[in-house]
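*Asks:* Starting from these lines, generate the structure:
(2 chains)
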Amino acid sequence: MAEKYDSIIVGGGHNGLVCAAYLAKSGKRVLVLEKRQVLGGAAVTEEVFPGFKFSTLSYVVSLFRPSIIRDLELPRHGMEIIPLESAFTPHFEGPGLCRWLDPARTRREISRFSVKDAEVYPEFSVAMTKTSRFVKAFIDAPAPDPTSFALPDLLQLLRVGRALTKDGASFLDLQTKLLTMSSADFLDRWFESDALKAPMAVSGIIGTFLGVRSPGTAYVLLHHYMGEIDGAFRSWGFSKGGTGQISLACARAAEEHGAEMRTGVQVQHIQVKNGRASGVVLENGEVIAAKTVVSNCDPARTFLGLVGEDHLDPEVIAKVKRYKFRGSSGKVNLAVDRLPQFTGREGTAHLRGDIAIAPSIEYLERAYDQAKYGEFSSRPFINMVIPSIMDPSVAPPGKHVISLFVQYAPYHLASGPDSWPQHREKFGDTVIDTIAEYCPGFRDSILHRQVITPWDLEQEYGLTEGNIFHGELTLEQLLFQRPMAPWSRYRTPIKNLWMCGSGTHPGGGVMGAPGQQSATHLLKSGEI
Amino acid sequence: MSSAYDVAIIGGGHNGLTTACLLAQAGRKVVIFERRPQLGGLAGSEEFSPGYHSSGILHDSSGVRPQVIEQLRLESYGLRYDSEPRPVLIPREDGRSLLLWSDPERSAAEISAHSQRDAKTYHQYRAFLQRIAPILQRVFTRPPPNLADLGLKEALRLGSQAIGLRLLGKSDMMELLRIVPMAVADWLGEQFETPLLQAALAAPALHHTFTGPRSPGNSLNLLLSETLSSRPLAGGPPALVVALEKAARALGAEIRADEAVEEVRIENGVVKGVVLADGENVPARVIAASCHPRHLFLDLLSPRHLAIEFEQNIINFRSRGTCAKVHLALSSYPEFPSHPNYTAARIRIGGSLDELERAFDPVKYGEMSERPILEISVPTVTNPETAPTGHHVFSILVHFVPFDLRSGWTDISRQLLLDRVVSRVEEVAPGFTDLVVDAQVLTPFDLEVEYGVTGGHLLHGEPAIDQLIQRPVPECAGYASPIDGLYLCGSGAHPGGGITCAPGALAAAKILRRRTGR
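*Replies:* Below is the predicted model:
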């Protein structure tokens, strides 16, 4: 064979880099091509303003697979996670609610709103942790295909069936409820206080085009109990130096094993002949041949963009076209000259974690209602983190960086997605105004501001319709249906073309699992 | 106690009557208690205004299981199917209406006036439904699998259902698995482009749910509404009640109307009988309750008989009524500009998915829709004798109306609801308002008070996936409750609510298999 590479990976996001590292580690010749000047994709650190380093998009880590950290020796390559210490929800009046790592302190905080809820809170954690063990099994293995008659699939299905039923009907009932209920309804079964339920419910909606009252959002609540850093349950954290450090650590691991990286290189299309991929063609006309091509891009970009409809069956094209993206979130990054001072709470301890603007279930649901009809929320849900408190390396002394994840900002504005640039600054103002209601003086602390709309996510980061997870994480687009049946195991209808991005099982977030599993499958396939 | 009944049934709705008939037919000594003076519950007819009769709170009889009619030989008591096909009229403000028939050809012909593409897709849509119907019918006409105690027999039964699913073929099976968790707006949006058609197909999936078109999971409700109904009965649900009552009496069941059960008597975890409002103690070996599960377990029993977790599950059983019932007495049939001189027996009002979604939004905040979705039955088209000559009755299921209106239910808020309903019809049938002679408004709150359905929920609990799989809660999903001798036989049990007789019949079969049944 004349090809210089066993695999070309299109897209240097964290999944592409994880995949590259595993392939290189197995002795394969790998080339990673990244359109932007920096590696990392949506898991990236950028010095947006001089001296201020931002995790431009993805801002916290939780589900990154521990096995990847071990296999690729990522700590040695500069990866370090700093656990979040609290989860704070400010209110207009009073000190709001802050949950801490210390259960006794959390209990006292919740008791301000409901003694009953304070009692139930630990029970809820136990039940969810138990349940999340079951779900975790799905993250680290390929999804069983219920339509397959192959023995391994049947055995896997039987195992799932047994795991579901061995603890009796009530465990199955709990699983069904988690999968199909809304997070608001699910939390109603346990808790009475809106002040507690609202910040808990938001984990069910992040990155989705659903509201806290939409069925199917409850299971994402589990993610909070699945997070693991070095095997410790239930912890979320910042990556030291920004989320981009995780990507860079993966890249260094890959390079150590001989993988090559090229940035600032735009792939024009994937070369396909007779239903078989043979390499890529760059914007400048350069052709690079390889035995296999692995796409880290989302399914729409991969099939409709890089492959092209000419090479695909109408049925596949139809499936890709109905795959739902509809991004719902934006990001605002701020450089500030002092820490925000929330009404009713002194000090800075409550700023050392996750801060959610989520005062009530109704607030969150009304934010969603607006988005359904093509407007961004006039009072959005905001997730704020201030990584510079715990990682001073990302801001000049005495100054801080603030990361604001904002929902809902629908890609499909009523006036069309292309009208986002006209609305960008107004959207930014809305976000600042919202926070200022809880935080007088906030406006004056801002030195610089970067506003990223879903349209920008598509333009700059190649995320179709601005979806941060490469496609909605709804049940019909998960497991054996991600991105579409029967192509859920990283293969595609094009021979020698594989997928390794968040559009594949088990889905989006900085997990690395799609990259890891695609590499495993590719190595087993014998195609390289 | 030789005078004890074998079975006492709480509630004389169509399910309670079905259970009573089937048990009496098998030779059991049965008594049935109905709190209201007349039988039928949500299926019965009422004279809501002098000379005008309603056709049941739930007015659709097309879901009644043919097996029950057959087994009880209800034809011999005068029950008939409606022989004529009755399309649904979906009128639009600009007069470009749509008629949907049960015959796919006739519907497609109607649809083609709006979109050729949709007419073609509609054929595929109906063909798909026809292929998957047997699977859903199997699940929803048989008792639920016993998941609590998954023995070999149960496993085999489940296995055979799984094989049935697989025999659909890979692509249909895949499609079914894909669709079930979807939002109707997404599934219908993939297939059709005509807003009126999308809304017409989506509306039944929303009935009695706490969901809008964009809420995931209600595609299952759409599949169920499309595959589990057959022909309606002549005379609608009230005719069913009349036939069941005759059958019950003929089979020797004792019927005691206007007698409310106040308490289920339990000793050492075993039922002993019921206590009536007047203090009378009626001994019975088995009690079958067709009332709402929350009413049974939380009102009629002392909490000391329930395990804490079970009680908690019952409390958490979601039963938020979102539907009001409005009966209108009309001086004549209204004129729909698209179909002059046409008298449709069924009318559905709601013009687009966004309109449906906007109708749903307020109920989340304890408010009612400004422009509600209307499902109208006109019983006087088939049974003119239920109103004065030439006059008509509109029987309207109105979505979305909350049980707990934030401002509280008063005569003023009831009037506002009525005004919104009438003006919504006026939009598609100019001049309608002047035809209204009299009206009855039943909010979910009124429905709870009058019919004892907790939360005003007409299906005895929301038809969400988790509440359909093990209905109402895992501990009593197979009709038998944790209390020995106490059974569920109403809409709160598998396979759920609506005028079907299915829970009543399946519960009767379960009670008959009971070893100490007599």
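
*Asks:* from memory A:P146 sits against A:F480, does it?
*Replies:* Yes - applying CB atoms under 8 Å, one finds A:P146 in contact with A:F480, separated by 6.8 Å. No exception for glycine: its C-beta is placed from N, CA and C like everyone else's.

*Asks:* and these two? which has more neighbours close in?
*Replies:* A:F480 (22 against 19; other CB atoms under 10 Å in any protein chain shown).

*Asks:* quick one: pLDDT of the residue in the stretch 51-200 of chain A positioned nearest to chain B?
*Replies:* Nearest to chain B in the stretch 51-200 of chain A, going by CB to the nearest CB, is A:A169, at a distance of 3.9 Å. Note on A:A169: pLDDT of 80.

*Asks:* Look at the nearest residue in space to B:G95 that is not next to it in sequence and say how many residues are nearby.
*Replies:* Computed as CB to CB, 6 or more residues apart in numbering or on different chains, the closest residue to B:G95 that is not its neighbour in sequence is B:P337, at 4.0 Å. By the criterion of other CB under 10 Å, B:P337 has 15 neighbours.

*Asks:* how near is the residue of the stretch 351-500 of chain B found nearest chain A to B:L296?
*Replies:* Per CB to the nearest CB, B:P474 is where the stretch 351-500 of chain B lies closest to chain A, at 3.9 Å. Using CB to CB, to the nearest Å, we find B:P474 at a distance of 16 Å from B:L296.

*Asks:* Flag every residue of the stretch 51-200 of chain A that's near chain B.
*Replies:* A:146-147, A:149, A:165, A:168-170, A:172-173, A:176-177, A:179-181, A:185, A:188-189 (CB under 8 Å from any CB of the partner chain).

*Asks:* Restricted to helices, list those.
*Replies:* A:165, A:169-170, A:172-173, A:176-177, A:179-180, A:185, A:188 (DSSP state H).

*Asks:* okay, residue 2: pLDDT?
*Replies:* No chain specified, so I'll use chain A. 66.

*Asks:* Let me rephrase: I mean chain B.
*Replies:* For B:S2, the pLDDT comes out at 47.

*Asks:* Repeat that for A:V202.
*Replies:* pLDDT recorded at A:V202 is 92.

*Asks:* contacting residues for the nearest residue to it once chain neighbours are set aside?
*Replies:* Distance criterion CB to CB, 6+ apart; nearest residue to A:V202, sequence neighbours excluded, is A:A358 at 5.0 Å. Going by CB atoms under 8 Å, 6 or more residues apart in numbering or on different chains, A:A358 touches A:89, A:198-199, A:201-202, A:364, A:381.

*Asks:* and the gap between A:A358 and A:L196?
*Replies:* Taking CB to CB as the measure, A:A358 and A:L196 are separated by 11 Å.

*Asks:* for A:I81, same thing?
*Replies:* Per CB to CB, A:I81 is found 27 Å from A:L196.

*Asks:* for B:S160, same thing?
*Replies:* Look at B:S160 and A:L196: by CB to CB, they are 45 Å apart.

*Asks:* When the two are compared, which one has more neighbours?
*Replies:* A count of neighbours by other CB under 10 Å puts A:L196 above the other of B:S160 and A:L196, at 24 against 11.

*Asks:* hang on, the more buried one is in a helix, isn't it?
*Replies:* Yes - with DSSP: H, G, I helix; E, B strand; the rest coil as the criterion, A:L196 is part of a helix.

*Asks:* number of nearby residues for the nearest residue in space to it that is not next to it in sequence?
*Replies:* Among residues not flanking A:L196 along the chain, A:D117 sits closest, at 5.3 Å (CB to CB, 6+ apart). A:D117 has 20 neighbouring residues, counting by other CB under 10 Å.

*Asks:* A:F342 is in contact with A:E93, correct?
*Replies:* No - applying CB under 8 Å as the test, A:E93 and A:F342 come out as separate, 11.5 Å apart.

*Asks:* and the angle from the helix of greatest length in chain A to helix A:169-180?
*Replies:* Using DSSP H, we find that the single longest helix of chain A is helix A:115-139. For helix A:115-139 against helix A:169-180, the angle by axes from the mean of the first three to the mean of the last three CA atoms, to 10 degrees is 80 degrees.

*Asks:* what residues does helix A:115-139 touch?
*Replies:* A:63, A:65, A:103, A:106-108, A:110-111, A:163-164, A:174-175, A:178, A:190-193, A:196, A:219, A:221-222, A:224-226, A:233-234, A:479, A:506, A:511, A:513.

*Asks:* For it, buried residues please.
*Replies:* Using 16 or more other CB atoms under 10 Å in any protein chain shown as the test for burial, helix A:115-139 gives A:117-118, A:120-121, A:124-125, A:128, A:131-132, A:134-136, A:139.

*Asks:* for stretch A:149-164, same thing?
*Replies:* Within stretch A:149-164, the residues scored as buried using 16+ other CB under 10 Å are A:153, A:156, A:160-161.

*Asks:* Could you pull up the residues touching A:T89?
*Replies:* A:96-98, A:195, A:198-199, A:355-359.

*Asks:* What values do phi and psi take at whichever residue of the stretch 401-528 of chain A sits closest to chain B?
*Replies:* With CB to the nearest CB, the shortest gap between the stretch 401-528 of chain A and chain B falls at A:L475, namely 3.7 Å. Note on A:L475: its backbone torsions stand at phi -50, psi -40 [degrees, to the nearest 10].

*Asks:* residues near the nearest residue to it once chain neighbours are set aside, how many?
*Replies:* Closest residue to A:L475 apart from its sequence neighbours, by CB to CB, 6+ apart: B:P181 at 3.7 Å. Counted with other CB under 10 Å, the neighbours of B:P181 add up to 22.

*Asks:* Now do the contacts for B:P181.
*Replies:* Counting by CB under 8 Å, 6+ apart, B:P181 makes contact with A:179-180, A:216, A:474-476, B:216-217, B:219-220, B:465.

*Asks:* ok, B:R157 - how many residues close by?
*Replies:* By other CB under 10 Å, 15 other residues sit near B:R157.

*Asks:* Look at it and report its pLDDT.
*Replies:* 75.

*Asks:* do A:G231 as well
*Replies:* Looking at A:G231, the pLDDT reads 44.

*Asks:* and what of the one 4 residues further on?
*Replies:* Note for A:S235: predicted pLDDT of 67.

*Asks:* buried set for stretch B:281-293?
*Replies:* Buried residues in stretch B:281-293 (16+ other CB under 10 Å): B:282, B:284-293.

*Asks:* next one: whichever strand or helix holds A:K319 to chain centre, how far?
*Replies:* Following DSSP states H and E, one finds A:K319 within helix A:314-322. Here helix A:314-322 is found 25 Å from its chain centre; the criterion is CA atoms, centre = their mean, to the nearest Å.

*Asks:* Okay, buried residues for that helix please.
*Replies:* Across helix A:314-322, burial judged by 16+ other CB under 10 Å covers A:316, A:319-320, A:322.
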